[in-house]
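Novice: structure for this input, please:
(chains A and B)
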Amino acid sequence: MNAPRSAVIVGGNRTPFVKAGGAYAQASNLDLLTAALDGLAARFGLAGQQLDEVAGGAVLKHSADFNLTREAVLGSALAPTTPAVDLQQACGTGLETVLYLHNKISMGQAEVGIGAGVDSASDAPITVTDGLRRALLTANRAKTVPARLAAFSAIRPAQLIPVAPQVVEPRTGLSMGEHQAATTARWGITREAQDELALASHQHLAAAWSSGFFDDLVTAYLGISRDGLLRADTSMEKLAALKPVFGGPDGTMTAGNSTALTDGAAAVLLAEQGWAATHGLPALARIVDAQVAAVDHTSGDDLLLAPAHAVARLLARQRMSLGDFEFYELHEAFASTVLATLAAWESDTYCRDQLGLPGALGSIDRSKLNVNGSSLAAGHPFAATGGRIVASLAKQLHARGSGARGLVSICAAGGQGVVAILEAV
Amino acid sequence: MTTILEQLFYSAPGQVVAGKLGLPEPEVLRRGRVGPAGPVATATLAGSSLGTDTVAILGVDTIAALVDDGDELPAYPQRLGALVVDARGLQQLSELEQLRAVLRPAVKGLQPSGRIIILADDQVRGIEAHAVRQALDGINRTVGKELRHGATTNLVYVSADAEPNDLTSTLSFLLQGRSAFVDGQSWTVRSSAAAPPISERPLADKIVVVTGAARGIGAQIATVAARDGARVVCVDVPAGGESLAALTNQLGGTALQLDITAADAGERIAAHVASRYGEQARIHGMVHNAGITRDKLLVNTDAARWASVIEVNLAAQLRMNDALLDGRPGGLADDGRLVSIASTSGIAGNRGQANYAASKAGVVGLVRALAPELAGRGITVNAVAPGFIETEMTAKIPFVQREVFRRTNSLGQGGNPIDVAETIGYFLDPASAGVSGQVIRVCGQNLVGA
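Specialist: As a prediction, this is how the structure comes out:
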């Protein structure tokens, strides 16, 4: 029988996150992911080392990037004999890659690996319309000139317009913001509460940067050494002046309390605890447990409240309560997503009818929420957010002391959510 | 940015004109762990065998030095690689003639990038002996100015009880291309209990920390330390993280992003070392390379400009040393090495650099004060003082001014970052245990600060 194995989070690295179309406009997913891996390799002395596996992914991905993570490994300082896999679960991708490596290490299938994620809204794949694509494929298959001309003749002018990717739910045709606007209204989340959460996110992130918190979490890229979306000087007044972008003219969701399209990459180094110790690597935290859940937004469920369900199941399995954490990292897709999730946990009705609990799950101490800022201030390169959160939380927990626990909650498109419990080693 | 004047100067006709004007294309210096191609001559003036014994340990074949005894000037049959003169024991002014007599044929016969190395007593007794000791310095500096084609001369004062082992790293450094841009200098080597034999990879498995490692001279220091076998910890501010990471990965070290002016910078360096290399790990070499300039004439220098330079260039390393020397895990090892960067601006002063000169002269004071304090722990403390070095920083100096700076030294050219790095590598060498409290100028014998 093998000795019990414990996978630990060694540390992380990410690029600074910047607004789409900004400083990384010419950088591809491959460039960004490679940069994140290289920064991680430098921090932990991994140059030339063969790791057991790198798991990575992107949400907006070119079809040519079918082996994105493997290609990034080949372009990085890691040994070219390091295998890699691409995973994808919308905005849950980053956390899922970490869980994938964690589980492999726990099972004895790996000793050391990296979970990573990247997204470049600047480098989003532009495709052709379905009609044009079918016509071109038909023409390609045609064996005679007349047959080929016939295939081309099927093309209509409107089909020549390129198609950019949209953040739209395929089954409802609604954008994520529109879905969230319905949730915001349903839960009665006020504009003021949303702006307060956004302000706190900026203030917390600014303080974390000033204190050097990110010195060992971020590596500069393309001359950028801080998160570009951060507005350290924002205020309730400035946020209140913004016009609503979702939910119609009376909506409460603005560019200030919704995440912007962002470019960036993040990576997390995981290792078996004993392996880490013998290889001179620190152990910050371990993953106690994790849970994924989905809601049926096609039938009217709140699109982004799946994490509320996942957390309920996770706490039940761990026999823990919502108050048992030192830190809460609730991904700020929108300020109202976080606030609606908290409201759902505080609602007897929702917890009873939707989560199958006897009553409300409870409240959290808001002073423990997103203490070093979250996606509203840092930005949200979809698949990179999980890595950002896990590495930062692991560092916070380690500083708090052995046994300190933190909760990670990330909502994802398709009505899904991934959550995890971290505990300081 | 290359100006038209600069392009013209470096064009073929421009170089012909430059040559006529006494600005010939400079000699390509011998660099690296490469000894002289020609033979090494040795001479003993007053019975000391330290020089010949040390050269013998280095495994260098030697010939007897020719002596100008008054008749026809003797000539070496082939170009001479180096002359090692052991002048220890010289007491009287009349004995200086012996030095002249061996120098004259050697200076004439020296090959490009050849070497003159003079050994002398560090401690002497009597007025005349002191005059002789100082006279040697004047001779050394003058020969440096007369040598051509990249040849250099240096003077090493040696303590009375020094053994050949104490001197091997110094003679090896001076003979090899590593000392290419060190010319006309003198420093002292003392006996030490701990000098191990020299090695091609003297820093094998030792941890060397370099601040300001992302670019320029710092990157070269880390590169040379890694070449010499060290596990390098490359430190720089987070803003330099991208190039820091690239260099670190190239050298197989670890990167630490850190503002050295942070109050806990030393603690964080030690914590990083203990975390990556184990609780028992200690730093062998700490190289305080990070530095900034905020140049203005003193009449235009405000408190902020003043403070930032003193803080980064001097105060920060004092604080870091305190933390690294208190015995904590990941701190500096006994028998370790502290190396700082002074500057010819600190030694000579430089218009518009009062703050910088203060910090760099302060480094000299720090080195001299700390060296005896740490001698008991086998820790050496030294500094290099670079002159004109070809870096991104000096490339921004206007062309004519840069060309003047670059050429106003005995080698007629600017140094390369690696020249500074090699001198630091000499300090870091475990075999340099007897070299402490020294400030070596890497300046090609610049006219400034002589």
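Novice: okay, CA-based contacts and neighbour counts for the rest of this
Specialist: Will do.
Novice: is it true that B:L155 lies in a strand?
Specialist: Yes: under DSSP: H, G, I helix; E, B strand; the rest coil, B:L155 sits within a strand.
Novice: pretty sure it is touching B:T142, no?
Specialist: No: checked against C-alpha atoms under 8 Å, the pair B:L155 and B:T142 is beyond contact range at 11.7 Å.
Novice: any chance you could list residues touching both of those two?
Specialist: Jointly contacting B:L155 and B:T142 under the rule C-alpha atoms under 8 Å, 6 or more residues apart in numbering or on different chains are B:G184.
Novice: out of the two, which sits in the more crowded spot?
Specialist: In this view B:L155 and B:T142 are compared by other C-alpha atoms under 10 Å in any protein chain shown, and B:L155 has more residues nearby, 24 against 14.
Novice: hey, where'd the strands end up in chain A?
Specialist: Using DSSP state E, the strands found in chain A span residues A:7-14, A:18-19, A:53-56, A:84-86, A:112-120, A:244-246, A:253-254, A:262-272, A:285-294, A:327-330, A:405-412, A:416-424.
Novice: partner strands of the second one, with direction?
Specialist: Okay, so that is strand A:18-19. Partners of strand A:18-19 in the sheet, by DSSP bridges, are strand A:262-272 (antiparallel).
Novice: report the rounded mean pLDDT for the partner strand.
Specialist: Strand A:262-272 shows an average pLDDT of 98 in the prediction.
Novice: can you check what angle separates it from strand A:112-120?
Specialist: Taking axes from the mean of the first three to the mean of the last three C-alpha atoms, to 10 degrees, one finds that strand A:262-272 is oriented at 170 degrees with respect to strand A:112-120.
Novice: now strand A:262-272: buried residues?
Specialist: A:262-272 (16 or more other C-alpha atoms under 10 Å in any protein chain shown).
Novice: stretch A:100-117 too?
Specialist: Applying 16+ other C-alpha under 10 Å to stretch A:100-117 flags A:100-106, A:110-117 as buried.
Novice: what residues does the stretch 251-400 of chain B have near chain A?
Specialist: Applying C-alpha under 8 Å from any C-alpha of the partner chain, one finds that the stretch 251-400 of chain B approaches chain A through B:252-258, B:275-278.
Novice: farthest-apart pair in those residues, please.
Specialist: B:L258 and B:G278 (20.2 Å; C-alpha to C-alpha).
Novice: more crowded one of these two?
Specialist: Shown here are B:L258 and B:G278; by other C-alpha under 10 Å, B:L258 has more neighbours (25 against 19).
Novice: next, the more buried one: phi, psi?
Specialist: Per-residue torsions, B:L258: phi -160, psi 140 (degrees, to the nearest 10).
Novice: okay, now B:V339: neighbour count?
Specialist: Look at B:V339: counted by other C-alpha under 10 Å, it has 26 neighbours.
Novice: give me the secondary structure label for it.
Specialist: Under the three-state scheme (three-state DSSP), B:V339 adopts strand.
Novice: thinking it is in contact with B:H288, fair?
Specialist: Yes: counting by C-alpha under 8 Å, B:V339 does reach B:H288; the two are 6.1 Å apart.
Novice: out of the strands of chain A, which gets nearest to A:M236?
Specialist: Comparing the strands of chain A by C-alpha to C-alpha, strand A:253-254 comes nearest, at 12.7 Å.
Novice: farthest residue from the center of the chain?
Specialist: Picking chain A for this. Relative to the centre of chain A, and counting by C-alpha atoms, centre = their mean, the farthest-placed residue is A:P146 at 50.0 Å.
Novice: I was after chain B.
Specialist: The centre of chain B is farthest from one residue, B:D71, which by C-alpha atoms, centre = their mean lies 39.3 Å away.
Novice: quick one: residues contacting that one.
Specialist: By C-alpha under 8 Å, 6+ apart, B:D71 has no neighbours at all.
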